[in-house]
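Enquirer: Predicted model and sequence follow; I will ask about them next.
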Amino acid sequence: EVQLAESGGGLVQPGESLRLSCEASGFSFSNYWMHWVRQAPGKGLVWVARIESDGSGPIYADSVQGRFTISRDNAKKTLYLQMNSLRAEDTAVYYCARGLPYYSFFAYWGQGTLVSLSS
Amino acid sequence: DIQMTQSPSTLSASVGDTVTITCRASQSISSWLAWYQQTPGKAPKLLIYKASTLEDGVPSRFSGSGSGTEFTLTITALQPADFATYYCQQYDSNPLTFGGGTKVEIK
């Protein structure tokens, strides 16, 4: 059974950093492109970042470019999102999602982890 | 960036109704469109990809159609479990973008 489990969310202050993790199981992690998608409270889904199977080709939404870094450790079957210089508008549930190479729709999602920025 | 516009934003319906949700892309995305269902507090669930291909395990009362810039999701004979929010997503080009969502609520 495919499973994705995010962790690392929490309450932080603007300007601080946080690293999210997404542990994968039940599939060959190193064969899939992985993504982060976020959802602000009561709002819609917003794609954040993608990384290819071998860790190459990371791309980002403009809103996080230069502040967030997506990475992966295929040996540990874990996806990461390093979030720096956090802003109030980064408050959201962050989901990791599995995509196919070149076909980035998402059949599998984690349960999400909440990142809250305190004012 | 490709903008995805869903309509309506809210839809009131009864069990047994047939409902249709529309998703329009700001430029052609061929058939590179997915539909998701989300219930409160849960992750989205993939319903349809490549505009009309039903994901394994998804009931056949869900169907998708369209290509280019206009797409529809139809739910035939609405069931209680179908009251949820639905999102379209284009995967033709980066950045990936989602529609704003359509909430299907009980009339």
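Expert: Everything's here; your move. This structure is a prediction, so every number in the text was calculated from the model and none was measured. Numbering: from 1, shown residues only, chains lettered A, B, ... in the order given.

Enquirer: which residues sit in contact with the closest residue to residue B:59 other than its chain neighbours?
Expert: Distances taken as CB to CB, 6 or more residues apart in numbering or on different chains put residue B:79 closest to residue B:59, at 7.9 Å, once the chain neighbours are dropped. Placement of C-beta: from N, CA and C, glycine included. By CB atoms under 8 Å, 6 or more residues apart in numbering or on different chains, the contact list for residue B:79 reads B:15, B:59, B:61.

Enquirer: any idea which of those residues is closest to chain A?
Expert: residue B:59 (16.1 Å; CB to the nearest CB).

Enquirer: Find the residue at the geometric middle of chain A.
Expert: residue A:36 (3.0 Å; CA atoms, centre = their mean).

Enquirer: Next, count neighbours for the spatially closest residue to it that is not a sequence neighbour.
Expert: Nearest residue to residue A:36, sequence neighbours excluded (CB to CB, 6+ apart): residue A:48, at 4.2 Å. Residue A:48 has 24 neighbours, counted by other CB atoms under 10 Å in any protein chain shown.

Enquirer: Helix, strand or coil: sort out residue A:48 for me.
Expert: Under DSSP: H, G, I helix; E, B strand; the rest coil, the three-state class of residue A:48 is strand.

Enquirer: Next one: it relative to residue A:14, how far apart?
Expert: 18 Å (CB to CB, to the nearest Å).

Enquirer: Adding secondary structure and neighbour count as columns, could you present the contacts of residue B:79 in TSV?
Expert: Formatted as TSV, the contacts of residue B:79 follow (DSSP: H, G, I helix; E, B strand; the rest coil; neighbours: other CB atoms under 10 Å in any protein chain shown):
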residue	secondary structure	neighbour count
B:15	coil	12
B:59	coil	13
B:61	coil	13
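
Enquirer: Spit out the contact partners of the residue nearest to residue A:36.
Expert: A:35-38, A:60-61, A:64, A:68, A:70, A:81, A:94.

Enquirer: Mind doing that once more with 7 Å?
Expert: Residue A:48 is in contact with A:36-38, A:61, A:64, A:68, counting by CB atoms under 7 Å, 6 or more residues apart in numbering or on different chains.

Enquirer: Alright, I will stop here.
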